[in-house]
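J.: missing the sequence, but the structure's below:
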Ligand code: BGC
């Protein structure tokens with residue numbers, strides 16, 4: 001708990017100082033007040049790790065955690081707390097005071113662009129895991145800001161979309177993860193989202209930031225705006241938004257001081273939000289006197305062996321075994337050759353795209369991991385099988401003979417002596433601000449050159465994307481000129497780059513040419529740079545080669561998936577199938593080799609109608625930096641996949657709950673499915689999913705006993721404790737997740753047939769038994785009623801537990817229930833604290 005020091009300081013601050021304290025000073029910083037020893041703040045993304053300064057994948061190397069959805073699949077709060085502590089350590093190493101994480105919006109539709117960042121479709125699972133993560137982060141004296149508050153479940157029109165949802169829907173589905181993070185996790189920060197909620201922007205939403213967050217949940221932390229999400233001075237301050245980011249501010253700072261001087265904003269309003277950011281500093285120890293003020297520590301790298309081990313364990317724990325006809329773990333005695341197929345087999349797709357991207361210490365691929373372990377024992381054959389590039393990859397190795405040279409010039413036109421010369425691995429150069437230390441960020445140009453050795457003869461196609469102005473030269477001759485005219489409409493780099501600009505070029509196999517790009521940051525808005533790709537004349541028969549390799553080898557592994565361009569912030573997904581014809585690749589390889597193992601390196605959810613074709617399927621998500629090593633551990637049997645699906649995979653694209661209301665139109669989206677998000681919809685309507693919520697196999701087998709209740713009647717509002725026996729009946733150690741669902745048998749209002757209300761993960765040796773105990777508190781039976789228990793008056797709005805019979809089911813998914821017991825709740829409807 002913060003002490004009194006912040007109050008003394010608040011009293012000592014002028015209006016201008018207070019108005020400045022609640023505003024950003026830079027992209028990642030908020031200033032302090034030197035004369036009073038109030039330290040500056042550094043904030044950083046989150047949630048895949050701690051990026052520190054930098055943007056997207058650029059920045060100081062850092063630990064890259066499995067993505068949110070992979071963490072959701074762990075069902076393991078203890079593990080999440082460990083990972084949170086690691087993120088806290090990384091933040092401290094990078095001088096970061098506020099980590100912009102975790103993301104607890106829900107997987108409302110399979111197409112949500114940021115699903116990978118969020119944990120689950122389920123409010124309870126998301127909230128428990130995220131609360132544990134936050135406890136871990138904050139145990140290191142670093143604040144966590146949980147995001148994006150609230151209902152930011154899709155990227156469609158993300159800055160403006162108006163989410164229309166009734167209060168019960170919000171209280172029962174959208175808000176509980178945030179409530180858990182605030183109440184159980186004790187989060188010091190919350191980030192207000194871009195979208196509107198019932199007509200009002202979330203960063204100026206009095207009901208959301210005042211009534212719900214502070215009055216009902218007792219939150220006494222700070223609310224930071226999402227980046228550029230602030231819309232007003234008076235409205236935001238009065239609603240209780242404490243910090244406008246980034247800086248320089250548009251609404252706080254001087255405009256806020258002026259509004260206070262003019263009497264448009266009350267002093268007490270300013271004091272309240274300035275108090276929020278002072279308490280934050282007290283919590284993180286940034287009020288320790290003048291010496292700590294303003295100094296942002298130099299960013300350091302940790303990369304400790306124990307962190308790598310933890311990240312590897314987490315990637316394993318978040319991988320779900322969806323199918324196994326006995327081929328896994330792979331018995332190597334009969335395998336002399338192994339086909340390692342798939343577009344992601346040798347590409348490190350370890351995270352989704354957007355602000356969650358970090359620059360990982362390392363990125364492991366499955367192909368590399370298998371090579372290092374099977375060298376000399378098994379012959380590996382790699383074939384990509386198809387091309388899934390959403391945009392043309394940058395020209396680099398192996399097409400280039402060596403590295404490219406990048407010469408930076410102050411001013412436009414690539415004239416005079418370069419200010420800096422450096423080597424580049426590929427034709428991609430993107431920067432915000434200084435492109436290279438010492439180069440003039442305001443006006444610079446860049447010439448990148450390299451030798452290209454074509455592998456075939458014919459008409460190639462150059463593909464240029466730019467934020468700024470560029471032209472491409474081959475052997476000194478301009479072949480693509482994009483220095484004039486407008487080229488917008490791209491989607492890479494969160495839409496800050498142009499679309500791809502094509503130009504043909506004829507090349508001859510083996511005849512080296514010099515490729516050059518001349519770029520200047522003219523007309524670039526925020527991000528500046530370019531990317532140049534090159535398409536070969538005739539696409540090779542990738543599928544044919546993969547099928548041939550599969551039939552020639554003793555077993556096949558196919559790593560299918562997406563990457564940070566397919567699953568990204570800024571845009572929802574537009575395809576239900578895995579891209580690039582991967583379903584066809586899986587089917588053809590599985591036909592060619594009965595020992596085919598598929599690893600899904602994507603989140604989605606995507607169509608899984610091919611699930612029965614291969615012998616085994618591992619759903620790995622984006623597993624973070626240790627993804628490849630972890631996948632190899634599981635395939636070779638050194639570890640067992642411990643995950644369970646955090647989200648239902650519908651059998652057909654249109655069968656998810658929000659379908660008829662997704663993505664919305666006319667600037668609004670109705671949450672018409674109400675409380676029936678995810679498994680609640682499938683279960684209530686009896687729709688068979690491709691994979692149910694909570695499902696996951698193991699390398700061993702478990703028996704889950706029926707739930708045993710401590711008593712069969714209880715007064716409405718009392719806790720009910722449930723014991724369940726779990727028995728490892730197989731022959732190896734493994735993990736099982738016991739899931740407790742509650743079914744109201746005489747609901748007074750429409751309710752989902754079944755809802756997850758508790759869970760426990762146990763690790764057992766062969767033959768070992770354990771009894772797990774789950775306490776169902778009053779909230780597990782409650783429903784929210786905006787009209788009170790008797791449906792008469794909004795004054796009685798709140799959470800109610802109705803008397804009646806409730807079936808308690810213990811299961812291994814929302815569809816695999818292993819036993820039930822009934823508890824009768826007696827007495828009058830019981831109103832709970834908000
Ligand atoms: C994202 C936030 C992120 C912020 C800063 C926004 O675009 O929505 O999640 O924390 O940028 O990068």
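T.: Alright, I've got the coordinates. Note that the coordinates shown come from a computational prediction; the quantities given were computed from them, not determined experimentally.
J.: Find me the pLDDT at residue 787, would you?
T.: According to the prediction, residue 787 has pLDDT 87.
J.: Could you list which residues are in contact with it?
T.: Going by Cβ atoms under 8 Å, 6 or more residues apart in numbering, residue 787 touches 793-794, 796-797. The C-beta positions use only the backbone N, C-alpha and C, and glycine is treated the same way.
J.: roughly how far apart are it and residue 173?
T.: Using Cβ to Cβ, to the nearest Å, one gets 18 Å for the distance from residue 787 to residue 173.
J.: Now do the same contact list for the spatially closest residue to residue 533 that is not a sequence neighbour.
T.: Residue nearest to residue 533 in three dimensions, not counting chain neighbours: residue 392, with 2.9 Å by Cβ to Cβ, 6 or more residues apart in numbering. In this structure, residue 392 makes contact with 463, 500, 533-535, judged by Cβ under 8 Å, 6+ apart.
J.: What about those, which are in strands?
T.: Those of the contacts of residue 392 mapping onto strands are 463, 533-535, per DSSP state E.
J.: neighbours around residue 35, how many?
T.: As a burial measure, residue 35 scores 11 neighbours (other Cβ atoms under 10 Å).
J.: A strand includes it, no?
T.: No. Note on residue 35: no strand contains this position according to DSSP: H, G, I helix; E, B strand; the rest coil, which reports helix.
J.: The helix or strand bottoming out on mean pLDDT in the chain near the ligand at all?
T.: Among the helical and strand segments of the chain, the one scoring lowest on mean pLDDT, DSSP states H and E is helix 492-495, with a mean of 85. No. With Cβ under 6 Å from any ligand atom as the criterion, the ligand is not reached by helix 492-495; the gap is at least 7.3 Å.
J.: Tell me the helix or strand right after that helix.
T.: Elements were assigned by DSSP states H and E; along the chain past helix 492-495, the next helix or strand is strand 501-507.
J.: In contact with the residue most central in space within the chain, which residues are there?
T.: Ranked by distance to the mean C-alpha position of the chain (Cα atoms, centre = their mean), the top residue is residue 117 at 1.2 Å. When contacts are counted by Cβ under 8 Å, 6+ apart, residue 117 is found next to 47-48, 67-69, 103, 352, 354, 356, 569.
J.: These in helices, which ones?
T.: 68-69 (DSSP state H).
J.: Most neighbours among the contacts of residue 117, which one is it?
T.: With neighbours set by other Cβ under 10 Å, the maximum within the contacts of residue 117 is found at residue 68, which has 34 neighbours.
J.: so that one sits right up against residue 119, yeah?
T.: Yes. Proximity of residue 68 to residue 119 meets the contact threshold set by Cβ atoms under 8 Å, at 5.0 Å.
J.: quick revisit: quick check: the residue nearest to the centre of the chain vs residue 54, distance?
T.: Counting by Cβ to Cβ, the gap between residue 117 and residue 54 amounts to 18 Å.
J.: quick one on the thing from earlier: tell me what the least confident helix or strand of the chain is packed against?
T.: Counting by 3 or more Cβ pairs under 8 Å, 6 or more residues apart in numbering; DSSP states H and E, no packing neighbours are recorded for helix 492-495 among the helices and strands.
J.: mind redoing it with 10 Å?
T.: Of the remaining helices and strands, those touching helix 492-495 by 3 or more Cβ pairs under 10 Å, 6 or more residues apart in numbering; DSSP states H and E are strand 458-467, strand 527-535.
J.: Mean confidence (pLDDT) on stretch 815-834, please.
T.: In this model, stretch 815-834 carries a mean pLDDT of 96.
J.: swap in stretch 21-29?
T.: Mean pLDDT, stretch 21-29: 95.
J.: Which residues of the stretch 251-400 of the chain lie near the ligand?
T.: Residues of the stretch 251-400 of the chain found near the ligand, taking Cβ under 6 Å from any ligand atom as the criterion, are residue 355.
J.: Could you tell me which ranges of this structure sit under the pLDDT cut-off?
T.: 1, 288-297, 486 (pLDDT under 70).
J.: Where does the stretch 701-834 of the chain get nearest to the ligand, residue-wise?
T.: Residue of the stretch 701-834 of the chain nearest the ligand, by Cβ to the nearest ligand atom: residue 756 (26.2 Å).
J.: Tell me which residues touch that residue, please.
T.: Under the criterion of Cβ atoms under 10 Å, 6 or more residues apart in numbering, the contact partners of residue 756 comprise 120-125, 678-680, 693-694, 739-742, 780, 811, 814.
J.: follow-up on the earlier one: kindly present the ones in strands among the contacts of residue 392 as CSV, with separate columns for distance to residue 365.
T.: Listed next are the ones in strands among the contacts of residue 392 as CSV, based on distance: Cβ to Cβ, whole Å:
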residue, distance to residue 365
463, 25
533, 21
534, 23
535, 24
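J.: Now which of these would you call buried?
T.: Listed as buried from the ones in strands among the contacts of residue 392 are 463, 533-535; burial here means 16 or more other Cβ atoms under 10 Å.
J.: Which single one of these is nearest to residue 832?
T.: Each of these was scored against residue 832 by Cβ to Cβ, and residue 533 proved nearest at 57.4 Å.
J.: partner residues bridging the closest one?
T.: Each beta-bridge partner of residue 533 is listed here, defined by DSSP bridges: residue 394, residue 463.
J.: Pretty sure residue 461 is one of the things it touches, is it not?
T.: Yes. Distance between residue 533 and residue 461: 8.7 Å, which falls inside the contact criterion (Cβ atoms under 10 Å).
J.: what touches both of those two?
T.: The overlap between the contact sets of residue 533 and residue 461 (Cβ under 10 Å, 6+ apart) consists of 392, 500, 502.
J.: JSON lines for the ones in strands among the contacts of residue 392, including distance to the ligand?
T.: JSON lines is the format used below for these (distance: Cβ to the nearest ligand atom, whole Å):
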{"residue": "463", "distance to the ligand": "26"}
{"residue": "533", "distance to the ligand": "26"}
{"residue": "534", "distance to the ligand": "31"}
{"residue": "535", "distance to the ligand": "31"}
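J.: ok, the residue in the stretch 351-500 of the chain positioned nearest to the ligand - contacts?
T.: Evaluated by Cβ to the nearest ligand atom, the stretch 351-500 of the chain has residue 355 as its residue closest to the ligand, separated by 3.5 Å. Shown in contact with residue 355 (Cβ under 10 Å, 6+ apart): 45-48, 51, 55-56, 100, 103, 114, 117, 147, 226-227, 494, 568-570.
J.: go with 8 Å
T.: With contacts defined as Cβ under 8 Å, 6+ apart, residue 355 is in contact with 45-46, 56, 100, 227, 569.
J.: What ranges does the stretch 501-650 of the chain have for its strands?
T.: Secondary structure of the stretch 501-650 of the chain (DSSP state E, counting those that start in this stretch): strands located at 501-507, 513-520, 527-535, 555-561, 596-601, 616-619.
J.: between those, which gets nearest to residue 774?
T.: Evaluated with Cβ to Cβ, these place strand 616-619 nearest to residue 774, the distance being 25.5 Å.
J.: Could you list the paired strands of that closest one along with their orientation?
T.: The strands beside strand 616-619 in its sheet (DSSP bridges) come out as strand 320-324 (antiparallel), strand 596-601 (parallel).
J.: name the helices or strands packed onto the next helix-or-strand element following the first one?
T.: Counting by DSSP H and E, the element after strand 320-324 in chain order, helix or strand, is strand 337-341. Using 3+ Cβ pairs under 8 Å, 6+ apart as the contact definition, the elements that strand 337-341 packs against are helix 366-374, strand 379-383, helix 542-552, strand 555-561, helix 582-592.
J.: Same list, these, but as JSON lines with mean neighbour count please.
T.: JSON lines is the format used below for the helices and strands packed on strand 337-341 (neighbours: other Cβ atoms under 10 Å):
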{"stretch": "helix 366-374", "mean neighbour count": "19"}
{"stretch": "strand 379-383", "mean neighbour count": "18"}
{"stretch": "helix 542-552", "mean neighbour count": "18"}
{"stretch": "strand 555-561", "mean neighbour count": "28"}
{"stretch": "helix 582-592", "mean neighbour count": "21"}
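J.: That concludes my questions; thank you for your assistance.
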